[in-house]
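Enquirer: 3D, please:
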Amino acid sequence: MQTQSEIRKMLRAAGISPRRRRGQRFLIDRNLMGRLLELADVPENATVLEIGAGTGSLTEELLKVSGRVVAVEVDRRLAKLLRERLGERSKLELIITDALASKHALAPEVLKAAGARAYLVSNLPYAVATPVVVECLLSSWRAASRTEPGASLFERLTFTVQQEVAERIIAPPGGGGYGPVSVLVALLGAARCGPAVPASAFWPRPKVASRIVRIDFDAERAPFVPVDELLALLSAAFSQRRKQIGSLLHRKDLPHRREDLCAAFRTARIDPALRPQQVSPEGFCALARALVTARGSADRTA
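Expert: From the prediction side, this is the model:
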């Protein structure tokens, strides 16, 4: 594992300085990197996806414990450095691209390289952390429910992320950070926080602390979660989180008839007077499922 002085020397020799706009921060605490690897618990024959490979400190450790590593790095300067250091390793596939094709999609070449099953282990750049986690879970759901050929199933996601984002990921109903990400994670997996990562564990030093998070995807639950309907419902509900969730009944921008929404609330046993942050993940899932059923009935009678 590379020390701060080793990373600085390496970058200086290559004429490179970290780019703040890309959120380039390198984990330099060996103990915490060890804890990240320990929590990831990658099987020796598994494929690992690492997003934001940087100078390859974590990459090198992952190559020791896994069957194959797909390292993604958007910065061509760092990718060149990484290729010079580790490019001859047969277990390494380096992809020079943005991991996200858009805010709501992983890059196709990343999914193709990850294959049918993989593990995500990353020191995630702050700017892309939330969409990467969400899209990995959605890809896993599509693979498990067989709704999209070529989707990758990520057995486990283990990553460092801002403390605030970590709190949103594991937030329970009623909590200040509870929102769409909290609901999705709770319905598709089991999340737990590992140790806190102080700002001093990174170079350059960020302004905020981070945390290691692990999410184990639950393939058995995936087919029973109507994700597409759920995402639209969460977006609508939490766009007005201060209003009662029953306000959805009066929204004209939703693709549901008012009577269908009323019936869905009754079926899901959700009190329309609740705020969105008071509705459990299971409640949102039940509401989405009821709306799918109502839409199917409306289509058959049309």
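Enquirer: Now do the strands in the chain.
Expert: Taking DSSP state E as the criterion, the chain carries its strands at 26-27, 47-51, 68-72, 92-95, 100-102, 105-106, 117-123, 153-162, 189-197, 202-203, 210-217.
Enquirer: what's the offset of the third one from the middle of its chain?
Expert: Taking the mean of its C-alpha atoms, strand 68-72 sits 17 Å from the chain's own mean (CA atoms, centre = their mean, to the nearest Å).
Enquirer: Now residue 147: phi and psi?
Expert: Residue 147 adopts backbone torsions of phi -100, psi -10, taken as degrees, to the nearest 10.
Enquirer: Contact partners for the closest residue to it other than its chain neighbours?
Expert: Distance criterion CB to CB, 6 or more residues apart in numbering; nearest residue to residue 147, sequence neighbours excluded, is residue 141 at 7.9 Å. In short, each C-beta sits where N, CA and C put it, glycine included. The contact partners of residue 141, taken as CB atoms under 8 Å, 6 or more residues apart in numbering, are 147, 188, 222, 225, 227.
Enquirer: Please look at residue 2 and residue 59 and confirm they touch.
Expert: No - with contact defined as CB atoms under 8 Å, residue 2 does not count as touching residue 59 (10.3 Å).
Enquirer: Listing request: residues of the stretch 101-250 of the chain with sub-threshold pLDDT.
Expert: Regions of the stretch 101-250 of the chain meeting the criterion pLDDT under 70 are absent.
Enquirer: returning to that earlier point: for residue 81, find the nearest of the strands of the chain.
Expert: Among the strands of the chain, the nearest to residue 81 by CB to CB is strand 92-95 (10.8 Å).
Enquirer: what about the helices in this protein?
Expert: For the chain, the helices defined by DSSP state H occupy 4-14, 30-40, 57-65, 76-86, 108-114, 129-144, 163-170, 180-188, 227-238, 258-268, 281-301.
Enquirer: To residue 215, which of these lies closest?
Expert: The stretch from those with the least distance to residue 215 (CB to CB) is helix 180-188; that distance is 6.1 Å.
Enquirer: Domain ranges for the protein, per the record?
Expert: In the domain annotation for the chain, the residue ranges read 4-221, 227-301 (automatic domain parsing).
Enquirer: Return the most buried member of those.
Expert: Between the domains of the chain, the one whose residues have the most neighbours on average, counting mean count of other CB atoms under 10 Å, is domain 4-221 (a mean of 19).
Enquirer: Now do that domain: distance to the chain's middle.
Expert: Between the mean C-alpha location of domain 4-221 and the chain-wide mean there is a distance of 8 Å, by CA atoms, centre = their mean.
Enquirer: what's the first-to-last distance across it?
Expert: One end of domain 4-221 sits 43 Å from the other (CA to CA, to the nearest Å).
Enquirer: and the nearest residue in space to residue 71 that is not next to it in sequence, what is it in contact with?
Expert: Of all residues not flanking residue 71 in the chain, residue 53 sits nearest, at 3.8 Å (CB to CB, 6+ apart). For residue 53, the residues meeting the contact criterion (CB under 8 Å, 6+ apart) are 59, 71, 72, 73, 78, 79, 82, 94.
Enquirer: thinking the last one is in contact with residue 85, fair?
Expert: In other words, residue 94. No - the pair residue 94 and residue 85 fails to qualify as a contact (CB under 8 Å) at a distance of 10.5 Å.
Enquirer: where do the contact lists of those two overlap?
Expert: With the criterion set as CB under 8 Å, 6+ apart, the contacts of residue 94 and residue 85 do not overlap.
Enquirer: ok, the spatially closest residue to residue 23 that is not a sequence neighbour - contacts?
Expert: Of all residues beyond its chain neighbours, the one nearest residue 23 is residue 125 (4.0 Å), with distances taken as CB to CB, 6+ apart. The neighbours of residue 125, taking CB under 8 Å, 6+ apart as the test, are 22, 23, 24, 25, 51, 52.
Enquirer: quick one: the first one and residue 127 touch, right?
Expert: Meaning residue 22. Yes - taking contacts as CB under 8 Å, residue 22 lies within contact range of residue 127: 7.2 Å.
Enquirer: So of the contacts of residue 125, which two are at opposite extremes in space?
Expert: Maximum distance among the contacts of residue 125 (CB to CB): 13.7 Å, for 25 and 51.
Enquirer: What residues are bridge-paired with the spatially closest residue to residue 170 that is not a sequence neighbour?
Expert: Sequence neighbours aside, residue 191 is the residue nearest to residue 170 in space, at 5.1 Å (criterion: CB to CB, 6+ apart). Note on residue 191: beta-bridge partners residue 215, judged by DSSP bridges.
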